[in-house]
Structure formats: structure tokens, C-alpha cells
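**Q** Based on what follows, work out the 3D shape:
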Amino acid sequence: MKITSAILREAGRRAAGWLASQQTRQGNYRGVEQPDENGIYPDTDDVGCYYKSVYSLRVAGQDAAAGRMMRHVVDRYMHENGDIYTNEQSRSSGSYGPVFCQTYQNSWFARAAAAMRWYGLGKRIVDFMVSKRERFGGFHSHVNPPSDIIDSCTTAVGALACLQHQRPELAVESVDFLLEMLRAQQDPDKLYCRWRDGEGLITDLSDVEEKNYKYCYIDREKGQQAYWVWAWPMNVMIAIHEYTGDAKYLDGAVEVWEWLASAHENAFHFTTAGKSGWGSAMLFRTTGDERYLRKCLSQMEFILSRQQGPGWMLGPGTESFEAQPMRTTYDFTADFTSWLIDCSMELAYMGM
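**A** Residues are numbered from 1 along each chain as shown. Purely as a prediction, here's the structure:
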């Protein structure tokens, strides 16, 4: 099958249609457990179910569903200081965000607010995120408990939120810091993502469980890595290049892309590589180089292969809807929808 912009757009809209069909009138998702008297399903009462969905619903044309869901998020999970989390015991479910990038969910809501043109809400969200930013541009990985660790992904999504909500000077500073992180890399087979002010790049993982090493660096030789920890920086470098016209940001993005392209094939063909696919689409539009197009299409091919008849997405190694937790199904479906729609737009620009 030849992949075109129209095919990606249709798949994204089908996925978003399924997401919208799972909403209640008050904007939350249905679960498999019985709802309480307020219509809240215990197994979907989690920021982790919603943070990608609002953006994806909006850009895929499900505007009413996006509005209802954002209202639910604001009413149930948003706090006076602009932070968004599930409850005092758990910011959200998942093994990555709550432990290594605690404002990741916030950044997706900021992205949604920009797409919805709800700039007041976006300002509240970004004000909180910026409160976790260092003077040199790095964003802290933790909110509660606080941490002195700066993280490449947290910084990248923070920078993008700043760019989307009228703080371009902060975004540029943060991307300059990401370039500094990139220059500090010394191991050709590992791309580290943690930093400490005064010390620099963190390569000592004695404080991290071995199963979580993948959230601290990308291993060139291994598959199934957390490719987004440097794909998000790559993508915001592209955005700052477009904003400033400065070639150093495009050069940085290309450097990250080349490293990923030399790594395991999963870097552009796996559940965790959606951001890499989107970055490839943007680089194709920016340069016209078809190497980027081929990597984009590889990731789109993977996503299309995971879509089931009604529109929802199934993770690799999972055989049925019932075998996949509802939170995971909502997360995968919303995540993949965003890349389908955004890559569709990039390819359409290039006449595809």
C-alpha cells in the first residue's frame, strides 16, 4: 500500500472517532469498572488516560469531544497553581512520566490549549511549567518531590510549550541548552538525557533501577528504547529553526536524526517512535530530502499496522482489546492519532 497524506488523515480521524465514542457527556472516558454516583469510572480516573487525547481529538476534527474532555480535566485534575495531576498520591499512571518527566502530561495539555486557541488556559499551564525551569533554560524532571535533575525531554516539551504560548525567548534559551547537552555526549553508542547544574551530563545510573535505564539514555544497539527522550528535543530544534531561521538549530536536529537513523530499526518503527516519525516528516518538508520521508513512512506503516477495525490501537505483543488495559488503549490510540494527523499535514504540504 502506498502511504499518502489522505490515508494517514483517514486513519487518524477513524481513531479519533473511536476515542470520542468512548466519552461520557461530562467528558471523561468510560472504563470497564462500574462508575460511581458522579459518573467517574475508577479505571479511567487518571490523567494518564486524557493528556494526549485532548490534542488528538482537536486536530482530528472532534472539536466538541476535545472541549468536553478539557473541561473534565480542568474541573477534576487542574489545581490553582496551574499544575495538572491525578491526586496527591499519584501524579498519573505509567512508568515514565511520574518518575522521570513529571510535567510531560502538562505539556500535552499546553499543546492542546494552543490548538484550541484557549490561550488563557495555556498561560496557566505554562506558568506552572516555567516555575520548574532553571535560568539557563533547563526544566526540572520532578515536581513532587523536587529534584535537581534536568531532563532533555522535560526541557524540550517545556520549550515547545513556551513557543506555543508567546514566550519564544524562553524557548530559544531552552533549545540552546539542549544543544549544549548534545555537545556534551561522549559515548557514541548512548545518548544520555539527564543533567545536573554544575556537574553536566549524568552518566552514573547507580540511583536508577536497571529496568529504567532506557529512560536515562537511548542505546544505539538495542531495540524498544524510549526514543522520545531525544526525539522531542529534535522536534523542538526544528521548531526553533523555523522561528529564528538560525541554521544551528536545524543542524542539531539533523545530528539527532542521524544518530537515531544509525540505531536499531525500532527508532523509526515502534510504539515509542511516533515522535521520531513526526520529526522526520518535518525534516522532509524543511529540506526535501527523501531519506527523512522514508523514515517517516516506516513509522506510519507501523502505526497503521496497529490500528484495529473500529479505530483503536493495539500494542505489539497484545492479542486483543480485552488483554490491553483501557488506559493503555486510550494512550496508544491518542498518541498514534497525533502522529497520523500531524504527518498527514506535513506530507500534504509536499504534495503527497
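
**Q** What strand or helix carries residue 293?
**A** helix 290-306 (DSSP states H and E).

**Q** got the contact list for that helix?
**A** With contacts defined as Cβ atoms under 8 Å, 6 or more residues apart in numbering, helix 290-306 is touched by 3, 7-8, 11, 257, 261, 265, 268-271, 273-274, 276-278, 280-281, 283-284, 313-316, 332, 336, 339-340, 343, 346-347, 350. For every residue, glycine as well, the C-beta is placed using N, CA and C.

**Q** And the strands in the stretch 201-350 of the chain, which stretches?
**A** Along the stretch 201-350 of the chain, the stretches classed as strands by DSSP state E, counting those that start in this stretch are 217-219.

**Q** The stretch 101-250 of the chain: helices as residue ranges?
**A** Here the stretch 101-250 of the chain has its helices, by DSSP state H, counting those that start in this stretch, at 104-116, 119-130, 152-164, 168-183, 228-244, 247-261.

**Q** how distant is the third one from the center of its chain?
**A** By that I understand helix 152-164. Averaging C-alpha positions (Cα atoms, centre = their mean, to the nearest Å) puts helix 152-164 10 Å from its chain's average.

**Q** is it true that residue 312 touches residue 18?
**A** Yes. Judged on Cβ atoms under 8 Å, residue 312 makes contact with residue 18 at a distance of 5.0 Å.

**Q** Now for these two: what residues contact both?
**A** Both residue 312 and residue 18 are in contact with residue 333, where contact means Cβ under 8 Å, 6+ apart.

**Q** In TSV: the helices of the stretch 101-250 of the chain, plus mean pLDDT and distance to residue 143.
**A** Listed next are the helices of the stretch 101-250 of the chain as TSV, based on pLDDT from 0 to 100; distance: least, Cβ to Cβ, whole Å:
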stretch	mean pLDDT	distance to residue 143
helix 104-116	98	9
helix 119-130	98	9
helix 152-164	98	10
helix 168-183	98	17
helix 228-244	98	18
helix 247-261	98	26
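
**Q** Quick one: mean pLDDT for the helix holding residue 293?
**A** Averaged over helix 290-306, pLDDT sits at 98.

**Q** swap in stretch 55-74?
**A** Stretch 55-74 shows a mean pLDDT of 98.

**Q** Then stretch 195-210?
**A** Averaged over stretch 195-210, pLDDT sits at 95.

**Q** What lies in contact with stretch 47-56?
**A** With contact meaning Cβ under 8 Å, 6+ apart, stretch 47-56 is reached by 12, 15-16, 19, 28-29, 66, 69-70, 72-73, 77, 84-86, 91-94, 97, 104-105, 108-109, 111-112, 115-116, 326-327, 330-331, 334-335, 337-338, 341.

**Q** Which ones among those residues map onto helices?
**A** Using DSSP state H, the subset of those located in helices is 12, 15-16, 19, 66, 69-70, 72-73, 77, 97, 104-105, 108-109, 111-112, 115-116, 326-327, 330-331, 334-335, 337-338, 341.

**Q** What separation is there between residue 300 and residue 232?
**A** Residue 300 is 18 Å from residue 232, where distance means Cβ to Cβ, to the nearest Å.

**Q** Hmm, I typed the wrong one, I wanted residue 293.
**A** Relative to residue 232, and taking Cβ to Cβ, residue 293 is found at 21 Å.

**Q** more neighbours, these two?
**A** Comparing residue 293 with residue 232 by other Cβ atoms under 10 Å, the one with more neighbours is residue 232, at 29 against 20.

**Q** For the more buried one, list the residues it contacts.
**A** Shown in contact with residue 232 (Cβ under 8 Å, 6+ apart): 152-153, 156-157, 160, 275.

**Q** Kindly recompute the last result at 7 Å.
**A** Residue 232 sits next to 153, 156-157, 275 when contact means Cβ atoms under 7 Å, 6 or more residues apart in numbering.

**Q** Please name the nearest non-neighbouring residue to it.
**A** residue 156 (3.9 Å; Cβ to Cβ, 6 or more residues apart in numbering).
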